[in-house]
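Peer 1: please find the sequence and the predicted model below.
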Amino acid sequence: MKRIINSANAPAPIGPYNQAILVENTLYVSGQIALDANTGELEMSDIKTETKKVMDNLGAILNEVGADYSNIVKCSIFVSDMNNFDAINEVYANYFTENFPARETVEVSCLPKKVNVEISAIAVL
């Protein structure tokens, strides 16, 4: 059975999907962008600020089920410009202390709301 997970501390979905779905002990977190949950505004002053907000949004959803970044086993990172790869990695690395999750980083032509980075995750509880 699947359970819908939504956190008031992460932005509401901007389409027909949920923030996350929990199936048994696996949490599937939808792609997060740098939307502020309180203001609805994008935080895109620079790629590091944007990436931090994306990771914080992921964390808010993880916290909703009592998990944290250490529970993540897989991330998918979508970027609009692969030249931002190093800056995104620098911020991303701050959220993990060891045993980094599997992941891929893919450059795409356009992301929702014209953001520069979107990250989804799979976590095991």
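Peer 2: That came in fine, so what should we check first?
Peer 1: is it true that residue 64 touches residue 6?
Peer 2: Yes. Shown here, residue 64 and residue 6 form a contact pair, counting by C-beta atoms under 8 Å, at 7.3 Å. The C-beta positions use only the backbone N, C-alpha and C, and glycine is treated the same way.
Peer 1: when those two are compared, which one has more neighbours?
Peer 2: residue 64 (19 against 13; other C-beta atoms under 10 Å).
Peer 1: OK, contacts around that one?
Peer 2: 5, 6, 7, 9, 20 (C-beta atoms under 8 Å, 6 or more residues apart in numbering).
Peer 1: and it, how far from residue 98?
Peer 2: 24 Å (C-beta to C-beta, to the nearest Å).
Peer 1: check residue 8 too.
Peer 2: Distance of residue 8 to residue 98, given as C-beta to C-beta: 30 Å.
Peer 1: residue boundaries of the strands in this protein?
Peer 2: Secondary structure of the chain (DSSP state E): strands located at 2-5, 20-23, 26-32, 72-79, 102-107, 117-124.
Peer 1: do a quick rundown of the helices in this protein.
Peer 2: Using DSSP state H, the helices of the chain run over residues 47-64, 85-93.
Peer 1: make CSV out of these and add distance to residue 120 and mean pLDDT.
Peer 2: Compiled in CSV, the helices of the chain are given as follows (distance: least, C-beta to C-beta, whole Å; pLDDT from 0 to 100):
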stretch, distance to residue 120, mean pLDDT
helix 47-64, 8, 98
helix 85-93, 13, 98
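Peer 1: wait, which of these is closest to residue 121?
Peer 2: In terms of C-beta to C-beta, the element of the helices of the chain nearest to residue 121 is helix 47-64, at 5.7 Å.
Peer 1: tell me the buried residues in the closest one?
Peer 2: Along helix 47-64, these residues count as buried under the neighbour rule (16 or more other C-beta atoms under 10 Å): 47, 50-62, 64.
Peer 1: now do that helix: distance to the chain's middle.
Peer 2: Distance of helix 47-64 from the chain centroid (C-alpha atoms, centre = their mean, to the nearest Å) equals 6 Å.
Peer 1: pull it out as CSV, backbone CA atoms only.
Peer 2: Taking C-alpha atoms only, helix 47-64 is exported to CSV below (Å, rounded to 0.1, in the frame of the first residue of the first chain):
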residue,chain,number,x,y,z
ILE,A,47,23.4,28.3,-8.3
LYS,A,48,24.8,27.6,-4.8
THR,A,49,21.8,29.3,-3.1
GLU,A,50,19.4,27.6,-5.5
THR,A,51,21.0,24.1,-4.8
LYS,A,52,20.9,24.7,-1.0
LYS,A,53,17.2,25.5,-1.2
VAL,A,54,16.5,22.4,-3.3
MET,A,55,18.4,20.2,-0.7
ASP,A,56,16.6,21.9,2.2
ASN,A,57,13.3,21.1,0.5
LEU,A,58,14.3,17.5,0.1
GLY,A,59,15.2,17.4,3.8
ALA,A,60,11.9,18.8,4.9
ILE,A,61,10.1,15.9,3.1
LEU,A,62,12.5,13.4,4.6
ASN,A,63,11.9,14.8,8.1
GLU,A,64,8.1,14.3,7.6
